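1. Here is the input, now give the coordinates:
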Amino acid sequence: MRRYNLAVMGISETRWTQAKQQRLDERETLLYPDHEEENAQHTQRVGLMLSKVARNSLVEWGSLEPLELTKASFKTKNKGITMKVIQCYAPTNDSNDDINDQFYDRLQSITKKCPRKDLTILMGDLNADVGLDNTGYEDIMGRFGLGERN
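-> Model (predicted):
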């Protein structure tokens, strides 16, 4: 985080089992949700790592059901504008269509609730195949993907 001067960094596929707001040192803080069930699967969870500046601007955070989604809100220097960060882990392509639909319906519901005046950032592991062909997308996509674009 320090090397690239990042204030907020998303983490996907965590294996931690208890909710924490854990300070790693005097600079970084790690946020990750807990599991409802005692014997819950330790996969597909997400978290956020915050710089000291981001931690001091944190208004609220929490996991959103399903636990593949974590949302945090931060104060900005512009009065009345909040930055909302949504970190997600999407189901893989070989997942059941119902699971995929539920995930994306939930994600859409969450993003629609974010006020338009606020800055909303969606990031995470979206399990997309980008492929090698970037024709028409050269400005936003590199040439080093794997497989076929989905």
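2. residues contacting residue 131?
-> Residues in contact with residue 131 (Cβ atoms under 8 Å, 6 or more residues apart in numbering) are 145-149. Heads up, the C-betas are built off the backbone N, CA and C, glycines and all.
3. relative to its centroid, which residue of this protein is most remote?
-> Going by Cα atoms, centre = their mean, the residue of the chain most distant from its centre is residue 135, 27.8 Å out.
4. where does that residue sit relative to residue 143, distance-wise?
-> The gap separating residue 135 from residue 143 is 10 Å, by Cβ to Cβ, to the nearest Å.
5. Make sure the residue farthest from the centre of the chain is indeed in a strand.
-> No: read with DSSP: H, G, I helix; E, B strand; the rest coil, residue 135 is coil and lies in no strand.
6. quick one: contacts for it?
-> Residue 135 neighbours (Cβ under 8 Å, 6+ apart): none.
7. can you tell me how far it sits from residue 141?
-> Using Cβ to Cβ, we find residue 135 at a distance of 10 Å from residue 141.
8. for residue 111, same thing?
-> Distance, residue 111 to residue 141, using Cβ to Cβ: 22 Å.
9. For the spatially closest residue to residue 59 that is not a sequence neighbour, name its beta-bridge partners.
-> Nearest non-adjacent residue to residue 59, counting by Cβ to Cβ, 6 or more residues apart in numbering: residue 73, 4.3 Å away. With DSSP bridges applied, residue 73 shows beta-bridge pairing to residue 60, residue 84.
10. How about the contacts made by the residue nearest the centre of the chain?
-> Among the residues of the chain, the one closest to the centroid is residue 87, at 0.9 Å (Cα atoms, centre = their mean). Residue 87 makes contacts with 10-12, 46-48, 69-72, 123-124, as judged by Cβ under 8 Å, 6+ apart.
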